[in-house]
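S.K.: Just a sequence and a predicted model for now, questions to come.
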Amino acid sequence: CYGYAMNAKFNSRIRLDHLLSQATDLSRKQAKIEIRKKRVSLQGEVVRDPSLLVDSNASIEWQGELIGLPAPLYLMMHKPAGLVCARSDRTQATVMDLLPQDVAERVHIVGRLDKDTTGLLLLTDDGVWSHRVSAPRLGCSKGYIADLAEDLVAGAEQHFAEGMLLRNEQKMTRPAQLERLTSRQVRVVLHEGRYHQVRRMFAALGNRVTALHRQSVGGLELDAQLQPGQWRELSEAEIAAAAAPGN
Ligand code: URA
């Protein structure tokens, strides 16, 4: 997994007319007209092309006033059990219900957790960052503590390290680390995120996960001060750490 520049906003580019309409109450069409009428400038220069790609954190001038998009949001949440990771759900409470409405409307979930899983959940409106953190190809690690219904079989560490073939899948899992904490509690580190992956890996060993908690994403750990259901913004160092390999 690649490192992430400290100023994450430099990584995404956006059309000028899109930026202008997002940063003001102009429609996209009105924004285009304003640009063509030479009312918009970038770094002191009038720009006339609505399709010009600019950094999403660029400050532009419109009618002599500096405008720009609000800084991107990066949040960590201590996900409690019982909430689904979805923007909305017809019957069940979602993690978005824990956020103020204006925040919930902006952010998306980075790497979902099952309804019964607890722990570190990330949310952002920076699509480039969420891709870096969650894309399997980039391999950011995810660390979990799992409680098991049965004693762990001998040799389980090797199965995790060598990769396993899960039910209804053709591709082996990526090498993962398994550390025995007690006979029924383990720490697991994955470098991908398939559907119900931890639960299915233990099912393949004839076991069952009774509780699952995510502790880390990349080099970022869940803040021990956050109680289940609480959330906070990430610091610049944490934004970079989540997109770093971790262990
Ligand atoms: N693996 C699972 O089985 N569930 C999760 O929520 C995360 C990883």
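M.R.: Yes, it's here.

S.K.: Residue for residue, what is the longest strand the chain has?
M.R.: With secondary structure taken from DSSP state E, the chain has its longest strand at strand 209-217.

S.K.: What strands line up against the following helix or strand past that strand, and which way round?
M.R.: Later in the chain than strand 209-217, the nearest helix or strand by DSSP states H and E is strand 220-221. Paired neighbours of strand 220-221 in the sheet (DSSP bridges): strand 209-217 (antiparallel).

S.K.: mind listing what's buried in the strand it pairs with?
M.R.: Using 16 or more other C-beta atoms under 10 Å as the test for burial, strand 209-217 gives Val209, Leu212, His213, Arg214, Gln215, Ser216, Val217. For the C-beta atoms, the positions are set from N, CA and C on the backbone; glycine is no exception.

S.K.: Can you tell me what sits against it?
M.R.: Contacts to strand 209-217, defined as C-beta atoms under 8 Å, 6 or more residues apart in numbering, come from residues 79, 110-111, 113-114, 116-122, 133, 140-149, 187, 198-199, 202, 221-222, 242, 246.

S.K.: thinking again about what came up before, mean confidence for the longest strand of the chain?
M.R.: Mean per-residue pLDDT for strand 209-217: 98.

S.K.: With just CA atoms, put it into CSV.
M.R.: Output in CSV follows, covering the C-alpha atoms of strand 209-217 (Å, rounded to 0.1, in the frame of the first residue of the first chain):
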residue,chain,number,x,y,z
VAL,A,209,-16.5,-16.2,15.2
THR,A,210,-18.6,-15.1,18.1
ALA,A,211,-17.3,-11.5,18.3
LEU,A,212,-15.2,-9.5,15.9
HIS,A,213,-13.5,-6.1,16.5
ARG,A,214,-11.4,-4.1,14.1
GLN,A,215,-8.4,-2.5,15.8
SER,A,216,-6.5,-1.0,13.0
VAL,A,217,-6.5,0.1,9.3
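
S.K.: Can you add distance to the ligand and give the buried residues of strand 209-217 back as TSV?
M.R.: Formatted as TSV, the buried residues of strand 209-217 follow (distance: C-beta to the nearest ligand atom, whole Å):
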residue	distance to the ligand
Val209	7
Leu212	6
His213	9
Arg214	7
Gln215	12
Ser216	13
Val217	11
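
S.K.: for those residues, which one is nearest Leu166?
M.R.: Using C-beta to C-beta, Val209 comes nearest to Leu166 of the buried residues of strand 209-217, at 13.8 Å.

S.K.: Next one: that closest one from Leu113, what distance?
M.R.: Distance of Val209 to Leu113, given as C-beta to C-beta, to the nearest Å: 13 Å.

S.K.: which parts of the protein sit against the ligand?
M.R.: By C-beta under 6 Å from any ligand atom, the residues of the chain that approach the ligand are Leu113, Asp114, Thr117, His196, Gln197, Val198, Arg199, Leu212.

S.K.: Just the ones in helices from those, please.
M.R.: The helices, defined by DSSP state H, take in Gln197, Val198, Arg199 from the residues of the chain next to the ligand.

S.K.: so how many other residues sit close to the last one?
M.R.: Burial of Arg199 is recorded as 17 neighbouring residues (other C-beta atoms under 10 Å).

S.K.: Same question for the first one.
M.R.: Residues lying near Gln197 (other C-beta under 10 Å) number 19.

S.K.: Who is the closest residue in space to it that isn't next to it in sequence paired with across the strands?
M.R.: Nearest residue to Gln197, sequence neighbours excluded (C-beta to C-beta, 6 or more residues apart in numbering): Leu190, at 6.2 Å. Note on Leu190: beta-bridge partners Lys142, judged by DSSP bridges.
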